[in-house]
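Undergrad: model this:
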Amino acid sequence: MAPEAPVLLGWARSAVQPRGAGLAQLAAHEIGAPVVQALLARSGIAAEAVDGLVCGNGLGAGGNPARMVALAAGLPDRVAAFSVDTQCCSGLDAVALGAGLIASGQAQLVVAGGAEAWSRAPIRQHRPREAGALPVAYERPAFAPDPARDPDLAQAAAEHAFQAAISRTAQDAFAILSHARTLAAHALLAEEIVPIGTATHDSYARALTVERVARMPVEAFAAASAGQSGDTRSCAVSRLSISPQADGAAFVLLASQRAAATFGCEARLRWCGGLALGTAPEMPLLAAGHAAQALLQRHGLRPDALWGVELHDAFAVQALAFAAALAIAPERLNRGGGGIARGHPIGASGAISLVRLLADMAREAPTGARGLAAVAAAGGLGSAALIEKL
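TA: Next up, the predicted model:
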């Protein structure tokens, strides 16, 4: 490990609220700014000491969301601001880039994470190519130039579920566990959440029964033309097993070891390293597993040596595939519930998973323990981060 590996002085996040719920009237910077302010206050660091802010955001459609968050949070005008858009990987990639600023000597204290206001996302239209033609509205941009390699994400999840024989029953069981864990961890989760108006807790989680879940509608199932025999509906992706669209923000405070000593801060956790990579865009849900495996191999670690693993699970089938890739039990993922039970604020989701890992490790992990956070993104991108308890 490099002697100048950054340390983490603090972490905080907003509640995650479904699209149209408790944060629906706020822009991304209006969700992110209170989190940054609370993060600095909890860490005992003045805004004037911060050198830079890196913010992931996937739906802002231009501008510089990081600069908006920095100014809205009251950081000095001189503070550098970097916006990152790697879609669902944005928040975790932002933290990795913040760590890089410190490791390269460009900064001593960096706030990094993600903020997303799906409820306030711009209405998207393609400009017409010919005079007099009308703009064409679209829901999402292309994530690969070849349409054949840019599938609907729920459809891709269903195709993998069928190919890997991951049943709807197994997917729904994982989702039920995620909801139950989120509800059981309500008091602990409150410690990391910064209340914003009425948004004081992750509000999507609910008590579920197998019977109720079985009646939930199917969102996607593998196409009959997949060239394989069998009942594609047995591996269908249900609505419950997909992380819902959501609003939220999460940030961490990274520091050089010298800065931590200068400000008299006791660092409890260290950033060991991050890794981002690309995989086949037609099956993006596998990218988190590839990134995690590559990062662990780089550090000579086995998955079973990890104290905790947090994955932003946009789909339950993704979590089950991730666990299989790392040869660990799915129950080892997401101790306090995952994105399935929270929601998916795109550019903030990876940072929220990291905050969840940091909070649990600081509270419960023994000295020397290692933890991993990971996320995948549309277009076949994966990102993972490795943390050590000091």
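
Undergrad: secondary structure element holding the residue nearest to the spatial centre of the chain?
TA: By CA atoms, centre = their mean, the chain has its centre lying nearest to residue 350, at 1.8 Å. Per DSSP states H and E, residue 350 falls inside helix 349-364.

Undergrad: let's see that helix as PDB, backbone CA atoms only.
TA: Provided in PDB are the C-alpha atoms of helix 349-364 (Å, rounded to 0.1, in the frame of the first residue of the first chain):
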ATOM      1  CA  SER A 349     -26.000   4.900  -5.700                       C
ATOM      2  CA  GLY A 350     -22.400   3.800  -5.600                       C
ATOM      3  CA  ALA A 351     -21.500   6.500  -3.100                       C
ATOM      4  CA  ILE A 352     -24.400   5.400  -0.900                       C
ATOM      5  CA  SER A 353     -23.200   1.800  -1.000                       C
ATOM      6  CA  LEU A 354     -19.800   3.100   0.100                       C
ATOM      7  CA  VAL A 355     -21.300   5.100   3.000                       C
ATOM      8  CA  ARG A 356     -23.100   2.000   4.100                       C
ATOM      9  CA  LEU A 357     -19.900   0.000   4.100                       C
ATOM     10  CA  LEU A 358     -18.000   2.800   6.000                       C
ATOM     11  CA  ALA A 359     -20.600   3.200   8.600                       C
ATOM     12  CA  ASP A 360     -20.800  -0.600   9.300                       C
ATOM     13  CA  MET A 361     -17.000  -1.000   9.400                       C
ATOM     14  CA  ALA A 362     -16.400   2.000  11.700                       C
ATOM     15  CA  ARG A 363     -19.000   0.700  14.100                       C
ATOM     16  CA  GLU A 364     -18.400  -3.100  14.100                       C
END
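
Undergrad: roughly how far does the residue nearest to the centre of the chain sit from residue 213?
TA: 27 Å (CB to CB, to the nearest Å). Bear in mind the C-beta positions are built from the backbone N, C-alpha and C, glycine included.

Undergrad: can you read off the pLDDT for residue 231?
TA: What the model reports as pLDDT for residue 231 is 69.

Undergrad: now residue 266
TA: Note on residue 266: pLDDT of 89.

Undergrad: OK, contacts around the residue lying closest to it once chain neighbours are set aside?
TA: Counting by CB to CB, 6 or more residues apart in numbering, the nearest residue to residue 266 once its immediate chain neighbours are dropped is residue 260, at 7.8 Å. For residue 260, the contact set (CB atoms under 8 Å, 6 or more residues apart in numbering) comprises 7, 9, 266, 267.

Undergrad: which of these sit farthest apart?
TA: Taking CB to CB, the two most distant members of those are 7 and 266; they sit 9.5 Å apart.

Undergrad: those two: which is more packed in?
TA: residue 7 (23 against 9; other CB atoms under 10 Å).

Undergrad: ok, that one to residue 258 distance?
TA: Here residue 7 is placed at a distance of 10 Å from residue 258 (CB to CB).

Undergrad: repeat that for residue 339.
TA: Separation of residue 339 from residue 258 (CB to CB) stands at 36 Å.

Undergrad: give me the phi and psi for residue 199.
TA: phi -80, psi 90 (degrees, to the nearest 10).

Undergrad: my guess is it contacts residue 14, does it?
TA: Yes: under the criterion of CB atoms under 8 Å, residue 199 makes contact with residue 14 at 6.5 Å.

Undergrad: tell me, what's touching the two both at once?
TA: Both residue 199 and residue 14 are contacted by residue 23, under the criterion CB under 8 Å, 6+ apart.

Undergrad: neighbour-wise, which of these two wins?
TA: residue 14 (30 against 22).

Undergrad: mind listing what that one touches?
TA: Residue 14 touches 23, 31, 34, 35, 193, 194, 196, 199, 247, 248, 249, 250, counting by CB under 8 Å, 6+ apart.

Undergrad: the closest residue to the first one other than its chain neighbours bridge partners, please.
TA: With CB to CB, 6+ apart as the measure, residue 247 is the residue that lies nearest to residue 23, at 3.9 Å, once sequence neighbours are left out. According to DSSP bridges, residue 17, residue 117 are recorded as the beta-bridge partners of residue 247.

Undergrad: distance check, residue 247 against residue 37.
TA: Where residue 37 is concerned, residue 247 sits at a distance of 18 Å (CB to CB).

Undergrad: go on, residue 281?
TA: In this view, residue 281 and residue 37 are 38 Å apart by CB to CB.

Undergrad: neighbour count winner among these two?
TA: More neighbours surround residue 281 than the other of residue 281 and residue 37, with 22 against 18 (other CB under 10 Å).

Undergrad: my guess is that one contacts residue 150, does it?
TA: Yes: using CB under 8 Å, residue 281 is in contact with residue 150, at 6.4 Å.
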